[in-house]
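Student: prediction below, plus the sequence it came from.
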Amino acid sequence: MYNFINDKIISNLDKFNKNIVLELNDILNLDIIIRNISKILFCTKDIKFCDSCCNCNLINTDLNSNIFIINNNINNKYFNNSNIDYEKYIIDNIFLPTINFKFKLIFIYNINLLSNNIKNLIFKKLDKDVKYIKFIFICNNINNLNFILKTKCYLIKIDNYNINYNINILKKKYNKLNYKSIITSLRLSNNSIIKSYFILNPNNWIKRIKFINLLKSNFLEKKSLIFILNLVNFNEIEIYNPIFWLLTFILDSIKYKNNFNICIKNIDSINILKIISDLFSYNILNIILDKLIEYFYIINKNINIDKSFILIKNILYIESII
Ligand SMILES: [Zn+2]
């Protein structure tokens, strides 16, 4: 499944003698990427990696003691004991020279979330060009990184924007779904193959079909949106949330009205977009859009707020103007 990412790593192999910053947009691939990079660097046989030598085997079984993964999430598998003094552990164990290998390989995920104490220590090691440590920093946006990291490391972007590759994988997995459904899922998830997997999963996809049917029978026929209150699960993340789907339909209808069809997300529902754009003026669509964005803005800013109140208030407002 991850051949595209492997290819990207392998094509940058010669850069791996430096410290590296990897920008990833799909962090669920992280385990595989970390393993592959480790094998590339420690394999004794092949230029890429052989997957059979002693070092490759140690990595496949998570037994190479010179590889460290510093994750800001204290509950990850390397530090699942909450009593451990995380910072002290890093300083005492990780930043010392290694005995058995040429270098220690340290993966640091989301360095911005580490304490200043540790960050400064890392910057010092980078500044001195310490040879016994190789750092691989993993982040989802290079722009947010410290200047020292940008100047001292080689930057590699691993994106998943190989659209045809993603389409082919999803088509194999969900061979009963049509092409437009697959494109829609990729556009809704900004081309994340992992998120598309979940969106297209039959249990989730059926929710979307139900949403679309209710949208037709309520919003398009009766200009009513109150049905959405029964569909929303307030704990669900954005891309599976009917309010988010509604927002994308309104946004797409505005694009459709402006003949701006290239960026439409709900490409599987063009007929609905056409009806919405015929039914409502540009002005009304913009007000609906504002109210939906306002809903997300308020609930994201105020964690303790009762989300259902805000939703009801905004939905009722929308109903009053359409
Ligand atoms: Zn090997």
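Tutor: Everything's here; your move. Numbers count the residues shown, from 1 in each chain.

Student: low-confidence stretches in the stretch 201-322 of the chain?
Tutor: For the stretch 201-322 of the chain, applying pLDDT under 70 flags the ranges 237.

Student: and the helices in it?
Tutor: Counting by DSSP state H, counting those that start in this stretch, residue ranges of the helices within the stretch 201-322 of the chain are 202-214, 221-222, 228-231, 242-257, 270-279, 282-301, 307-321.

Student: kindly export the fourth one (C-alpha atoms) in CSV.
Tutor: Extracted as CSV, the C-alpha positions of helix 242-257 are listed here (Å, rounded to 0.1, in the frame of the first residue of the first chain):
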residue,chain,number,x,y,z
PRO,A,242,-23.1,16.0,8.6
ILE,A,243,-22.7,19.7,9.4
PHE,A,244,-19.4,19.6,7.6
TRP,A,245,-21.0,17.8,4.7
LEU,A,246,-23.7,20.5,4.6
LEU,A,247,-21.0,23.2,4.6
THR,A,248,-19.3,21.5,1.6
PHE,A,249,-22.6,21.3,-0.3
ILE,A,250,-23.3,25.0,0.3
LEU,A,251,-19.7,25.9,-0.7
ASP,A,252,-19.9,23.7,-3.8
SER,A,253,-23.2,25.3,-4.8
ILE,A,254,-21.6,28.7,-4.6
LYS,A,255,-18.8,27.4,-6.8
TYR,A,256,-21.3,25.8,-9.2
LYS,A,257,-23.2,29.1,-9.4
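
Student: what residues does the stretch 51-200 of the chain have near the ion?
Tutor: For the stretch 51-200 of the chain, the contact set with the ion under C-beta under 5 Å from the ion comprises 53, 56. Backbone N, C-alpha and C define where each C-beta goes, glycine included.

Student: in the stretch 101-250 of the chain, what residue lies closest to the ion?
Tutor: residue 101 (13.8 Å; C-beta to the ion).

Student: is it true that residue 114 touches residue 108?
Tutor: Yes - taking C-beta atoms under 8 Å as the contact criterion, residue 114 and residue 108 are neighbours in contact, 7.4 Å apart.

Student: shared neighbours of these two, anything?
Tutor: Residues touching both residue 114 and residue 108 (C-beta atoms under 8 Å, 6 or more residues apart in numbering) are 70, 122.

Student: will you turn the helices of the stretch 201-322 of the chain into TSV that also has mean neighbour count and distance to residue 194?
Tutor: Shown next, in TSV, are those (neighbours: other C-beta atoms under 10 Å; distance: least, C-beta to C-beta, whole Å):
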stretch	mean neighbour count	distance to residue 194
helix 202-214	14	13
helix 221-222	11	36
helix 228-231	14	24
helix 242-257	21	17
helix 270-279	16	26
helix 282-301	15	22
helix 307-321	15	26
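
Student: where does pLDDT dip in the stretch 51-200 of the chain?
Tutor: Low-confidence segments of the stretch 51-200 of the chain, defined by pLDDT under 70, span residues 72-86, 159-162.

Student: ranges for the strands of it?
Tutor: For the stretch 51-200 of the chain, the strands identified by DSSP state E, counting those that start in this stretch occupy 67-71, 104-109, 133-139, 154-158, in order along the chain.

Student: okay, those in CSV with distance to residue 242 and mean neighbour count next?
Tutor: Listed next are the strands of the stretch 51-200 of the chain as CSV, based on distance: least, C-beta to C-beta, whole Å; neighbours: other C-beta atoms under 10 Å:
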stretch, distance to residue 242, mean neighbour count
strand 67-71, 33, 20
strand 104-109, 32, 22
strand 133-139, 32, 22
strand 154-158, 32, 15
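
Student: which one of the ones you listed lies closest to residue 290?
Tutor: Distance to residue 290, taken as C-beta to C-beta, is lowest for strand 133-139 among the strands of the stretch 51-200 of the chain, at 32.5 Å.

Student: tilt between the closest one and strand 67-71?
Tutor: Angular relation of strand 133-139 and strand 67-71 on a 0 to 180 degree scale: 30 degrees, by axes from the mean of the first three to the mean of the last three C-alpha atoms, to 10 degrees.

Student: so what touches strand 133-139?
Tutor: For strand 133-139, the external contacting residues (C-beta under 8 Å, 6+ apart) are 19-24, 27, 30, 33-34, 37, 41, 95, 103-112, 122, 125-126, 145, 149, 153.

Student: which of those residues are buried? Put it as a ChimeraX command.
Tutor: To isolate the buried ones among the contacts of strand 133-139 in ChimeraX, judged by 16 or more other C-beta atoms under 10 Å, type:
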select :19,20,21,22,23,24,30,33,34,37,41,95,104,105,106,107,108,109,110,111,122,125,126,145,149,153
